[in-house]
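S.K.: after the sequence you'll find the predicted model.
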Amino acid sequence: MLFQQIANGIATGAVYALTTLGLTMVYGVLRVLHVAHAGIYALGAYVGLVAFRFLESFWLSLLVAMVVCAAAGILVERFLYTPLLHLPRIVPLIGSIGLFIAMEEAFRIVAGPYALAYETEIRFLSLGLGPLRLTAPQSLIFTVTMLLLGLLWLLLSRSTLGLAMRATAMDADTTATFGVDTRLIVSLTFAIGSALAGAAGVLIGVYDNQVWPTMGSIPAYKCLAIVVLGGLGNIPGSVLASFLIGLAETLLIGVVAIPFPRDALAFVAMILVLMFRPRGLLGKG
Amino acid sequence: MLSGYLVTVLITIGIYIILALSLNLITGYAGQISLGHAAFMGIGAYTSALFYTKAGLGFWPSFLLAGLVAGLLGTILAIPCLRVREDFLAITTMGINFVVEATFLYIPFFGAGMGIGGIDLPHFFGQEISKSGYLALVVLVIGLMIALDRWLTRSWIGLAWAAIREDEEAAGAMGIDVVRFKVLAFALGSAGAGLAGSLYAHFLTFIMPVNFSFAQSMVILSMVVFGGIGTLRGPIVGAIVLGALPEISRPAMEYRTLVYGLLLLLLMRFQPGGILGEHSLLPRSWRKLCTAMQNGKTGQ
Amino acid sequence: MALLEIDQLTKAFGGVTALQDVAFEVTEREILGIIGPNGAGKTTLFNCITGMLIPDRGVIRFRGQDTHGRKPHELALRGIARTFQVVRPFPTLSLLNNVLVASGHRAYPSLRAAAAPFSTPAAREAAQALLARVGMTGEFDRPAGTLPLGLKKRLEIARALALDPALLLLDEPSGGLRHEESLQLLELIRQLNQEGITIILIEHNMPIVMGVCRRLVVLDHGVKIAEGDPSAIQRHPQVIEAYLGKAARG
Ligand SMILES: Nc1ncnc2c1ncn2[C@@H]1O[C@H](COP(=O)(O)OP(=O)(O)OP(=O)(O)O)[C@@H](O)[C@H]1O
Ligand SMILES: [Mg+2]
């Protein structure tokens, strides 16, 4: 029972990590609170579902969803955020909220208000460590997350592109003086972050066996809390915070059964941490 | 005579005007992004409801206590907000909203998921006030909020807020106690939201946690931003337009939220100051028209 | 008497030591120049004096009182005013309101006084006089963000003066000014000093420094390498090496 909850917590944390990573990366380069990121996450789930029905391959549909979300991410960046960068922070924030509302409504109008079933027979080995056993879908989520995290880590730490991305996040103006096309880097960051969100959407769709229009509503804001908890723009911080919140949610609510809404927990944790570390768990300064 | 339906719509819009004006103090003038204004509206509504139904106080004391308690809690909750800046602040206020809503939802004293019912319209001389009478009361409170707004923006307080909004550090170097003036903005803004919450509770006669959710905060904030943040007319017009939108678009029910989202998106993209912001198209063309007309007159 | 005493002042950012055991005094009514190459720690020194940064070690005494733990606004109210090297006017506020923000220092401490209207004829007149004083003319209602750099710098001085300071810290006020503007600035600094304001001036423009300062402090890599009158400083070997030497070579 306890171990099962831990397994659930790990799976939840993995999906949070995928979603919040994109958010954190985007924040790093543009300093915008990208609420509509959760719209991209839901988009990923829908695209994944449609692609799966046509292609009948989970892996291919995952890839299609990631590519479509990457393109959508670039569109959002070019159309919405970049033109508004010089304006007060609240402007892109409200624009993003508007976009998110519109996306949710578009899903509802196009695909209907009800959940669509995501019927996949997942054949995947089930991982385990001692008494801790992950179910097949959980193992899939965990594996895909770790795989993508690993790829991202390689990209960021080992490639020139990654170096340019990190430099742009630190100080775009200075980076530009070294001849780096920071506009391109910003777009690529959005593309990668959005692809990760799309992957998270597909995984949740598979895990819950359904996709629904408002599936992004809670992640939209909870992921912001997680990102802030980890230290806005801090990638390891986001991953750490994601797993902490994933585990805390399942353990405190599922096992200890404290009478508290699951979705408010991340916010309580965030406020408490900010009291002592105003820049989040791993934030600097 | 106004029809009952119209009065109901007008009262709702009026309450939103009070909410938008009070949020404008915090976010528009002092420049502190708050994504949790509905929490203070909720605190006011629950305070009023509890004093009215459980403590047996009348409308007026409940109403005033709602403003007072919301203002006090706004002051207290401003303290975590002072430790953080900008985007951290925005998310902290969002968090406060979720936590306050959860408190109403999970604590039996607040009626939990059932909410609180049996809150009536106020009584005057032993008789329940009519809907039109209540509308007059709402308008009166709007008038007071407008007076407060005018007074504050003309005072050193308003100037200090403007300086803090533009550059906190430079404001400090000019002798402004940034913390104190920020807390003042949160206290006044939250008190205003509390009064609006009380009016809302007595009008609806039944309140539930979901009335004061984060989504509600977004509605209030979009009204402020839509009309033109940091101006007096902006939040009023924003509340009227967005408040009336659901009623006007009733025939196109299916698409109204979509329209709402797209409206916010496109407005921010192309008129980031709101429809009536200082530098937006509408006021600019209006001013041009005025000068053109004046020139025409002098030219004759 | 010393208006400002600084002793053992140390401040590091991560690995960079911006100030290392810096000590000097500023006597009342003098003009002290601070010079040093880029990154020497000059601005950091101002940030410590005005309470915007908390030093790692050392004391700063203003009028004999330790300023440790005092917030920037408290120090501003006690009479320390500053300008910023990278100008920071309040961009959407009008020129006049920029100055009035600082005039408000009398009102801000009491809520009651702060609730009074700010744009009284008397306050406006005083602010206009200050703007005229720093050589600004024309429309005082335009937003400060629209000004060219030179005028922004002047605006910052007017704003600092509105605080009625005893000690005025000017961080490279001549940066971006034309030659005749610099001369006007020189004259203004002298006048202000004659009216009783003590001034610390960070400046790269040597003619200004030499023309107006009786005494200089030289920083290099956070360390005070020399202190004395301008002619002695010009002959100081370490200074020539660290600062003037580079300029001479370049
Ligand atoms: N807030 C800060 N965070 C990190 N490092 C800083 C900060 N402020 C200053 N520094 C570093 O401290 C050192 C001293 O900087 P400072 O701005 O005081 O120099 P300065 O003498 O004013 O130079 P300049 O003549 O270029 O204005 C520099 O190496 C700078 O990079
Ligand atoms: Mg400097």
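M.R.: Yep, it's here. Ligands and ions are numbered 1, 2, ... in the order given.

S.K.: and after the helix or strand of chain B with the lowest mean pLDDT, which helix or strand comes next?
M.R.: For chain B, counting by mean pLDDT, DSSP states H and E, strand B:123-124 ranks last in confidence among helices and strands (a mean of 74). Later in the chain than strand B:123-124, the nearest helix or strand by DSSP states H and E is strand B:127-128.

S.K.: hmm, who's touching that next one?
M.R.: B:120-122 (CB atoms under 8 Å, 6 or more residues apart in numbering or on different chains). Where you see a C-beta, it was placed from the backbone N, CA and C, and this is true even at glycine.

S.K.: at 10 Å instead, please
M.R.: B:120-122, B:133-134 (CB atoms under 10 Å, 6 or more residues apart in numbering or on different chains).

S.K.: how about stretch A:152-166?
M.R.: Contacts with stretch A:152-166, where a contact means CB under 10 Å, 6+ apart, come from A:18, A:21-22, A:25, A:28-29, A:169, A:175, A:178, A:180-182, A:184-186, A:188-189, A:192-193, A:196, A:235-236, A:239.

S.K.: may I see the domains of chain C written out as residue ranges?
M.R.: C:2-89+C:166-249, C:90-146 (automatic domain parsing).

S.K.: mean confidence for the first one?
M.R.: Domain C:2-89+C:166-249 carries an average pLDDT of 89.

S.K.: does chain B have contacts with that domain?
M.R.: Yes. Domain C:2-89+C:166-249 reaches chain B (CB under 10 Å from any CB of the partner chain) through C:47, C:50-52, C:71-78, C:80-84, C:87-89, C:169.

S.K.: quick check: end-to-end length of stretch C:27-44?
M.R.: Stretch C:27-44 has its terminal residues 21 Å apart, counting by CA to CA, to the nearest Å.

S.K.: chain center to that stretch: distance?
M.R.: Distance of stretch C:27-44 from its chain centroid, counting by CA atoms, centre = their mean, to the nearest Å, is 9 Å.

S.K.: cool, stretch A:110-122 as well?
M.R.: 20 Å.

S.K.: OK, contacts around whichever residue of chain C sits closest to chain B?
M.R.: Chain C approaches chain B most closely through C:His105 (3.4 Å), counting by CB to the nearest CB. Contacts for C:His105 were tallied using CB under 10 Å, 6+ apart; they are B:156, B:174-176, C:73, C:76-77, C:79, C:81, C:162-165.

S.K.: go on, B:Leu159?
M.R.: Counting by CB under 10 Å, 6+ apart, the residues that B:Leu159 touches are B:29, B:152-153, B:171, B:174, B:176, C:90, C:93, C:97-98, C:100-101, C:103-104, C:107-108, C:114, C:117-119.

S.K.: same check, this time on B:Met268
M.R.: Contact analysis of B:Met268 by CB under 10 Å, 6+ apart lists A:80, A:84, A:87, A:90-99, B:222, B:225-226, B:274.

S.K.: and chain C, which residues reach ligand 1?
M.R.: By the rule CB under 6 Å from any ligand atom, the part of chain C lying against ligand 1 is C:13, C:16, C:18, C:36, C:38-44, C:85.

S.K.: can I get those residues in a markdown table with secondary structure and neighbour count?
M.R.: Shown next, in a markdown table, are these (DSSP: H, G, I helix; E, B strand; the rest coil; neighbours: other CB atoms under 10 Å in any protein chain shown):
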| residue | secondary structure | neighbour count |
| --- | --- | --- |
| C:Phe13 | strand | 10 |
| C:Val16 | strand | 12 |
| C:Ala18 | strand | 24 |
| C:Gly36 | coil | 25 |
| C:Asn38 | coil | 6 |
| C:Gly39 | coil | 14 |
| C:Ala40 | coil | 24 |
| C:Gly41 | coil | 25 |
| C:Lys42 | helix | 26 |
| C:Thr43 | helix | 19 |
| C:Thr44 | helix | 24 |
| C:Gln85 | coil | 16 |
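
S.K.: what would those residues look like in a markdown table with distance to B:Leu65?
M.R.: Shown next, in a markdown table, are the residues of chain C next to ligand 1 (distance: CB to CB, whole Å):
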| residue | distance to B:Leu65 |
| --- | --- |
| C:Phe13 | 50 |
| C:Val16 | 54 |
| C:Ala18 | 52 |
| C:Gly36 | 60 |
| C:Asn38 | 60 |
| C:Gly39 | 58 |
| C:Ala40 | 59 |
| C:Gly41 | 55 |
| C:Lys42 | 55 |
| C:Thr43 | 51 |
| C:Thr44 | 50 |
| C:Gln85 | 51 |
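
S.K.: how near is the residue of chain C closest to chain B to C:Leu151?
M.R.: 23 Å (CB to CB, to the nearest Å).

S.K.: poorly predicted segments of chain B, please.
M.R.: B:1-2, B:297-300 (pLDDT under 70).

S.K.: quick check: longest helix of it.
M.R.: Ordering each helix of chain B by length in residues (DSSP state H) puts helix B:178-204 first.

S.K.: buried sites along the helix or strand following it?
M.R.: Moving toward the C-terminus from helix B:178-204, the next helix or strand (DSSP H and E) is helix B:214-227. Buried residues in helix B:214-227, defined by neighbour count with 16 or more other CB atoms under 10 Å in any protein chain shown: B:214, B:216-227.

S.K.: any bit of helix B:214-227 sitting next to chain C?
M.R.: No. Interface with chain C: helix B:214-227 contributes nothing (CB under 10 Å from any CB), its closest point being 16.4 Å away.

S.K.: how about the helices of the stretch 1-150 of chain A, start to end?
M.R.: A:2-30, A:37-55, A:58-76, A:90-111, A:136-158 (DSSP state H, counting those that start in this stretch).

S.K.: which one of these lies nearest to B:Leu140?
M.R.: When those are compared by CB to CB, helix A:90-111 sits nearest B:Leu140, at 30.5 Å.

S.K.: how big is the angle separating the closest one from helix A:58-76?
M.R.: 140 degrees (axes from the mean of the first three to the mean of the last three CA atoms, to 10 degrees).

S.K.: helices and strands around the lowest-mean-pLDDT helix or strand in chain A, which ones?
M.R.: Using mean pLDDT, DSSP H and E, the weakest-scoring helix or strand in chain A turns out to be strand A:128-129, at a mean of 74. With contacts defined as 3 or more CB pairs under 10 Å, 6 or more residues apart in numbering or on different chains; DSSP states H and E, strand A:128-129 has these neighbours: helix A:2-30.

S.K.: for the helix it packs on, buried residues please.
M.R.: If you call a residue buried by 16+ other CB under 10 Å, then helix A:2-30 has these buried ones: A:4-30.
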